[in-house]
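Participant: here are the coordinates; sequence isn't available:
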């Protein structure tokens, strides 16, 4: 469908750019056979669209004296010519829409047929593979009583569908950021999808970025769960060699001890249910006897357990109000555990109110951690905690002083709600960087900021900042059109006037565009407005175009 759309749109643009008088518009008949790539759909699939009536013939203009408008006759002719071409373009667009509707439905029909064919092929491959699996002797023993077909579903990697899916997944992984890949790996671990987790952590580790040391640890963990213990030990050795100061080294030692203890033994399937039992038992003991449960939680947090087990254990600890439990959570939030647990501890602190330990205010503690950390994940988690508690004081402090532009823009985003607007405007007024001013403006789209945006447009000297303010003002739900027209009337810069035209066009604001067109004396700007109106399927816009033609 894309080549056909490109051909038709290109033809439309060429028509609009031809200085000669346009040919008579074609009748809205069915698309010729040369243009239709497929036969038309059956009538019962979709009713045929009503024929578009041919526009009434425009009478030749009678000679009149010079127009009353303050335009040269040549300028008026160009505007009239643009209107005629716009009328023809609208008509072509209507024909194009009808044709593309037919193409879309035909494409959908073909896609459905392809999907059914691939499904039949995949099922046939599964049937053949399951039969081979059952007769090979591999199907005896565990799982044989349940049938081989479910196991053969993951076994058939040679089918075209499986190969295509694998290639698509590999391509998607290459395009993911380290953080997204790492988090995907953690989710795969939590679901016991060891091979998938291994692929994700391999990708992150190979990039040698900020998450590479944690990725090497979890890579070793996944390899151990797959009983590939030599490779797991090699991954841990790589971690020690490449990241000698990593905060994962203590847990790497615990995992290596576990691997040595399990040497020669397969991974027990019951180990997964053991974690569930541990969590239930731990939660019960924490409710009835916290003093006895807290040392057990500490051992879990320092051991080689799964990411899910440690996160749940930390959550149980964070829900307990005892001073010792809160002290441990505070220590982990300060960085006593691995980076993953630190972020979790900060998230749990952000969900609590009140005090964590004597004379320690929660948000003061988080601000201390923020200032002491160089980890952007830790800082982002603290920003989220401040947003959740509506702590505009600390958010504003970070927005003014943070050196990392991404974190600073994130602070603008979190302050960009209705509550944080006055503080954000104060920061804007003291800002000197045009890029940061633009970032602030993009988070000031609430209706209460319309007057401030107009002030920025009038007082700013940087054209990029002024254009950004116009774009944001156009997002206002009410009053934006009046303000934009007012700015247009007083603005002398043609580029900014064009920005107002584009903003009103994006709003589909036909009324104000016509108002600007009637008052505009610059032929180039007037032609630009008429061009925008010609792309709007509006009776009001068409009436104005006909008005131009009748002059």
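Facilitator: All right, it came through fine. Quick caveat: nothing in here was measured; it's all calculated off a predicted structure.

Participant: Just name the shakiest helix or strand of the protein by mean pLDDT.
Facilitator: Each helix and strand of the chain was given a mean pLDDT (mean pLDDT, DSSP states H and E); the minimum falls on helix 149-155 at a mean of 39.

Participant: which ones are touching the residue nearest to residue 186 when sequence neighbours are not counted?
Facilitator: Here the nearest residue to residue 186 in space, its sequence neighbours aside, is residue 307; by Cβ to Cβ, 6 or more residues apart in numbering that works out to 5.3 Å. Every residue, glycine included, has its C-beta placed from N, CA and C. Going by Cβ atoms under 8 Å, 6 or more residues apart in numbering, residue 307 touches 186, 189-190, 218, 340.

Participant: So for residue 443, what's the pLDDT?
Facilitator: For residue 443, the pLDDT comes out at 86.

Participant: ok, now residue 197?
Facilitator: With respect to pLDDT, residue 197 scores 95.

Participant: Looks like it contacts residue 220 (just checking).
Facilitator: No: contact criterion Cβ atoms under 8 Å: residue 197 and residue 220 do not qualify, at 11.4 Å.

Participant: Which one's more surrounded, those two?
Facilitator: Neighbour tally, residue 197 and residue 220, criterion other Cβ atoms under 10 Å: the higher count belongs to residue 220, 29 against 26.

Participant: show me what contacts the more buried one?
Facilitator: Applying Cβ under 8 Å, 6+ apart, one finds that residue 220 lies in contact with 232-233, 235-236, 239, 252, 255.

Participant: List just the nearest of those residues to residue 479.
Facilitator: Within the set of those, residue 239 lies nearest residue 479; the separation is 58.4 Å, counting by Cβ to Cβ.

Participant: so what's that closest one up against?
Facilitator: With contacts defined as Cβ under 8 Å, 6+ apart, residue 239 is in contact with 213, 216-217, 220, 246, 248-249, 252.

Participant: Looking at the residues you listed, state which has the most neighbours.
Facilitator: When neighbours are counted as other Cβ under 10 Å, the busiest of those turns out to be residue 220, with 29 neighbours.

Participant: Give me the nearest residue to residue 248, chain neighbours excluded.
Facilitator: Taking Cβ to Cβ, 6+ apart, and ignoring the residues beside it in sequence, residue 248 has residue 217 as its nearest neighbour in space, at 4.5 Å.

Participant: Hmm, that neighbour is touching residue 254, no?
Facilitator: No: counting by Cβ under 8 Å, residue 217 stays clear of residue 254, with 10.4 Å between them.

Participant: Flag the shaky bits of the stretch 251-400 of the chain, pLDDT-wise.
Facilitator: By pLDDT under 70, the low-scoring segments of the stretch 251-400 of the chain are 264-274, 353-360.

Participant: 50 instead, please
Facilitator: 269-270, 354-360 (pLDDT under 50).

Participant: quick one, strands of it?
Facilitator: When secondary structure is read from DSSP state E, counting those that start in this stretch, the stretch 251-400 of the chain shows strands at 355-357, 360-361.

Participant: Hmm, residue 290 is touching residue 328, no?
Facilitator: No: Residue 290 is beyond contact range of residue 328, at 11.5 Å (criterion: Cβ under 8 Å).

Participant: between the two, which one's more packed in?
Facilitator: Of the pair residue 290 and residue 328, residue 328 is the one with more neighbours under other Cβ under 10 Å, namely 22 against 17.

Participant: Excluding sequence neighbours, find me the nearest residue to the more buried one.
Facilitator: residue 317 (5.9 Å).

Participant: Please list all residues in contact with the one you found.
Facilitator: Contacts were defined as Cβ under 8 Å, 6+ apart; by that measure residue 317 touches 286, 294, 297, 325, 328-329.

Participant: now do residue 350
Facilitator: Contacts here follow Cβ under 8 Å, 6+ apart; on that basis residue 350 touches 366, 381-382, 384-386, 388-389.

Participant: top of those by neighbour count?
Facilitator: So for those (other Cβ under 10 Å), the most neighbours sit at residue 382, 28 neighbours.

Participant: That residue touches residue 366, doesn't it?
Facilitator: Yes: contact status for residue 382 versus residue 366: in contact at 4.9 Å, counting by Cβ under 8 Å.

Participant: anything in contact with each of the two?
Facilitator: For the pair residue 382 and residue 366, residues contacting each of them under the criterion Cβ under 8 Å, 6+ apart are 346, 350.

Participant: Give me the buried positions along stretch 362-371.
Facilitator: Within stretch 362-371, the residues that count as buried by 16 or more other Cβ atoms under 10 Å are 362-363, 365-367, 369-370.

Participant: mind listing which of those are in helices?
Facilitator: Counting by DSSP state H, the members of these that fall within helices are 362-363, 365-367, 369-370.

Participant: Turn these into CSV, including distance to residue 180.
Facilitator: Output for these, formatted as CSV (distance: Cβ to Cβ, whole Å):
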residue, distance to residue 180
362, 29
363, 29
365, 29
366, 25
367, 28
369, 24
370, 23
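
Participant: that older thread, from the contacts of residue 307, list the buried ones, please.
Facilitator: When these are checked against 16+ other Cβ under 10 Å, the ones flagged as buried are 186, 189, 218, 340.

Participant: tell me the two of these that are most distant?
Facilitator: For the buried ones among the contacts of residue 307, the farthest-apart pair by Cβ to Cβ is 189 and 340; their separation is 11.0 Å.

Participant: Might you report the residue contacts of residue 495?
Facilitator: The contact partners of residue 495, taken as Cβ under 8 Å, 6+ apart, are 463, 467.

Participant: On the pLDDT front, check it for me.
Facilitator: According to the per-residue confidence, residue 495 scores 90 in pLDDT.

Participant: buried sites along the host helix or strand of it?
Facilitator: If you go by DSSP states H and E, residue 495 is part of helix 494-506. When burial is assessed from 16+ other Cβ under 10 Å, helix 494-506 yields the following buried residues: 496-505.

Participant: Nearest to residue 532 among those?
Facilitator: Distances from these to residue 532 were compared by Cβ to Cβ; the smallest belongs to residue 505, at 4.2 Å.

Participant: any idea how the protein splits into domains?
Facilitator: Segmentation of the chain into domains, based on automatic domain parsing, reads 179-261, 271-389.

Participant: which one of those lies closest to residue 537?
Facilitator: With Cβ to Cβ as the measure, domain 179-261 is the member of the domains of the chain nearest residue 537 (40.2 Å).

Participant: okay, how far is it across the closest one, tip to tip?
Facilitator: 32 Å (Cα to Cα, to the nearest Å).
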